[in-house]
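# give me the fold of what follows.
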Amino acid sequence: MYGIADGLIYPLMFYVVRYRRALSYKNIRASFPDKSEKEIQTIQKQFYHHLAGVIVEIVHSYRASKAQMQEYLVVDNVTDIERWAEQNGGCIFMLGHMGNWEYTADIQHHFTNPLIQHYNVYRQLKNTSADAAMKQLREKHSGVGSCIEKRSLLRKLVQIKQAQQLFTLGLIADQKPSPGNDYYWTDFLHHDTGFLGGGEQIARKFGYAVTYVHLTSPTRGHYKAHVELITDDPTHTEPTFITEQFARRLEQNIIEQPEIWLWTHNRWKWSRPNNK
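Numbering: from 1, shown residues only. Modelled structure (predicted):
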């Protein structure tokens, strides 16, 4: 399948369709002002090879076994995760579009405590067929009902709290801000960048532990997750501390392996409002 990725999908995206090629170049160039032009072009091409690989990996995931998925994604500190979930009643995973972020939906099968249920927050897609297919993939191993549409998240968390259910919650938090909404703004990869504050608000409201999922790709198709604790006492942190920590850790993660972040996302489309 990687032969298809490199021999067909990559040249189609990069040379023929030129899928967001100008945007990805602009994003990479501005994020690494000290790198040479050759280095920027290398990162861009490596990214498109990675993106082509992610596409075939997602297709393969529909028929991959539990054992295969555990091989593709290695989680190196499961004991820590379970302890944070048990001590706080729940543990929030904050992550970005690093590596194959879809693989993190399968993280529950690394747990040794069968009482811990993993949930994934998602934004409903406009295309109903695509939305159903993506939801099916994410619930393949973590169970029916494990996907929570973001508009239903608060209600679901109240139900989980009342049932005293141990859980972990995957939250991709590096999307671009929409104009008119309230976001936390900070310097990120040499850009003035707005970040969603939902993960921090949930943690402070319910007292859940908050972590950053540091994702790397040691070899193609294989990913390593090290879950880093941001805080296990969110109610006593300074406002915006959690979101700022997420931004800093994601930034360092990208700097370490830039080709596996989603550069085609129009992350810096909106500027900071004048009153922020």
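# skipping its backbone neighbours, what lies nearest the most centrally placed residue in the chain in space?
Centre of the chain computed as the mean C-alpha position; nearest residue by C-alpha atoms, centre = their mean is G96, 3.2 Å away. Nearest residue to G96, sequence neighbours excluded (C-beta to C-beta, 6 or more residues apart in numbering): D174, at 3.8 Å. Just so you know, the C-beta spots here come from the backbone N, C-alpha and C atoms, and that holds for glycine as well.
# then Y212?
Nearest residue to Y212 in three dimensions, chain neighbours excluded: R249, at 4.3 Å (C-beta to C-beta, 6+ apart).
# so that neighbour is in which element?
In the assignment (DSSP states H and E), R249 maps to helix 241-256.
# what ranges do the strands span in the stretch 101-250 of the chain?
Assigned by DSSP state E, counting those that start in this stretch, the stretch 101-250 of the chain shows strands spanning 117-122, 147-149, 167-172, 184-188, 191-195, 209-219, 222-231.
# buried set for the helix holding R249?
Neighbour-count burial for helix 241-256 flags F241, I242, T243, E244, Q245, F246, A247, R249, L250, E251, N253, I254 (criterion: 16 or more other C-beta atoms under 10 Å).
# residues contacting the third one?
In this case it means T243. Neighbouring residues of T243 by C-beta atoms under 8 Å, 6 or more residues apart in numbering: Y184, T186, F195, L196, G197, G199, E200.
# and the furthest pair within those residues?
The distance between the two most remote of the contacts of T243 (C-beta to C-beta) is 14.7 Å, for T186 and G199.
# quick one, which of those two is more surrounded?
Ranked by neighbour count (other C-beta atoms under 10 Å), T186 and G199 place G199 first, with 27 against 17.
# how close does that one sit to L250?
To L250, G199 is 12 Å away according to C-beta to C-beta, to the nearest Å.
# same deal with P179?
22 Å.
# do F111 as well
Taking C-beta to C-beta, one finds F111 at 24 Å from L250.
# likewise V56?
Distance of V56 to L250, computed by C-beta to C-beta: 25 Å.
# pretty sure the residue nearest to Y212 is touching H214, no?
Yes. Between R249 and H214 there is a contact at 6.8 Å, judged by C-beta atoms under 8 Å.
# shared neighbours, the two?
Applying C-beta under 8 Å, 6+ apart, one finds that R249 and H214 are jointly contacted by E228.
# my read: T104 touches H97, true?
No. T104 lies out of contact with H97 (C-beta under 8 Å); the separation is 10.8 Å.
# right, I'll call it a day here.
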